[in-house]
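> How does the following fold in three dimensions:
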Amino acid sequence: MGRVAAMGRPPQVWDYWRPIGSGGGSGIVELGTVRGLDVALPVHFHREDQLTFVLAGRRRFVIAGDLREAGPGEGVHIPAGTPHRSLCGADEVVCINLYTPPGLYAAPEAIAGLAGHWRRTGGLGWPDLTRIAEDHRRPIGTGVEPASAFTGCDAWDSVGDAARRAGMSREGYSRRFRKHHGVPPHAFGLQERLNEARLLLRAGESIAAVAADTGFTDQSHLGRCFRRAFGVTPGRYRAG
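Now for the predicted structure:
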């Protein structure tokens, strides 16, 4: 995360990394590293649990309508499927995000383990992250899957189709959906498509194929939406 920016451009704020092969036996899906001032992202959610651990500055999130903050040596757990957005602060932020299968790790204990190691050694490497996470893996069968925000319809349906299936007006369906899930149905549908794109890119599919498979007009359309939600282009994400 200490790389120098090329040609005088500002450093990349967001990067995503994935373990090669088995990742040392870890269940971690991927690691995100964040460094910069402009760390704000709009409302989105992940299919994985997110564990954010701050090394410098302060990370600020609005999670299900509540403001959460974490400073150096502190962390935040965002459960899978939970709408959230991140805010900018006054100082540069340096932090890591661990993305893990829903409920696989005991998040508060894992964050405490990361904090203890960081205080003792002043650093965190990939072996440290995987070891500490595995120290807090829950027994098989105790994890939880995120509930789908759609009931009785396809998440990629139009709002009108979903409302008809639910026997409601479009306006009534949208109001109830937003009240229950924190985001309007069209925003949820877009985010589901982006999360599917994220999964396909991790599997190595071409950007053009991913755009077609997830219902985007073309690569440019996918790229604009993807970067806005996750801070990086699909190409940079795929290369992680």
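> Tell me how many other residues crowd the closest residue to residue 14 other than its chain neighbours.
The shortest distance from residue 14 to any non-neighbouring residue, by C-beta to C-beta, 6 or more residues apart in numbering, is to residue 231 (3.4 Å). Quick note: C-beta positions are derived from backbone N, CA and C, even for glycine. Look at residue 231: counted by other C-beta atoms under 10 Å, it has 22 neighbours.
> can you tell me which residues contact residue 231?
By C-beta atoms under 8 Å, 6 or more residues apart in numbering, residue 231 lies in contact with 13, 14, 34, 41.
> per-residue confidence at it?
pLDDT for residue 231: 92.
> And for stretch 208-215, what's in contact with it?
Under the criterion C-beta under 8 Å, 6+ apart, residues 156, 193-194, 196-197, 200-201, 205, 217-219, 221-222, 234 lie in contact with stretch 208-215.
> give me that answer again for 6 Å
The contact list for stretch 208-215 (C-beta atoms under 6 Å, 6 or more residues apart in numbering) reads 193, 196, 197, 200, 201, 218, 219, 222.
> And the buried ones among the residues you listed, selectable in ChimeraX?
The following ChimeraX line selects those of the contacts of stretch 208-215 that are buried, judged by 16 or more other C-beta atoms under 10 Å:
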select :193,196,197,200,201,219,222
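> What segments of the chain are strands?
14-17, 30-36, 41-44, 49-56, 59-63, 66-70, 75-78, 84-87, 93-100 (DSSP state E).
> okay, the angle between the fifth one and strand 49-56?
In this case it means strand 59-63. 150 degrees (axes from the mean of the first three to the mean of the last three C-alpha atoms, to 10 degrees).
> what does strand 59-63 contact?
Strand 59-63 is contacted from outside by 52, 68, 69, 70, 78, 84, 85, 86, 87, 89, 93, 95, using C-beta under 6 Å, 6+ apart.
> One more pass at 7 Å, please.
Contacts to strand 59-63, defined as C-beta atoms under 7 Å, 6 or more residues apart in numbering, come from residues 52, 67-70, 76, 78, 82, 84-87, 89, 93, 95.
> Please check those and keep the buried ones.
Buried among the contacts of strand 59-63 (16+ other C-beta under 10 Å): 52, 68, 70, 76, 78, 82, 84, 86, 89, 93, 95.
> what pLDDT does the residue of the chain most remote from its centre get?
Distance from the C-alpha centroid of the chain peaks at residue 167, with 32.8 Å (C-alpha atoms, centre = their mean). As predicted, residue 167 sits at a pLDDT of 81.
> Ramachandran coordinates for it?
Dihedral pair for residue 167: phi 70, psi 30, per degrees, to the nearest 10.
> Redo the contacts of stretch 208-215 as CSV? Include pLDDT and distance to residue 18.
Formatted as CSV, the contacts of stretch 208-215 follow (pLDDT from 0 to 100; distance: C-beta to C-beta, whole Å):
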residue, pLDDT, distance to residue 18
193, 94, 21
196, 96, 17
197, 97, 15
200, 96, 14
201, 96, 10
218, 95, 26
219, 96, 22
222, 97, 20
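> phi, psi of the residue positioned nearest the centre of the chain?
With distances taken as C-alpha atoms, centre = their mean, residue 46 lies nearest the centre of the chain, 4.5 Å away. Here is the backbone geometry of residue 46 (degrees, to the nearest 10): phi -120, psi 160.
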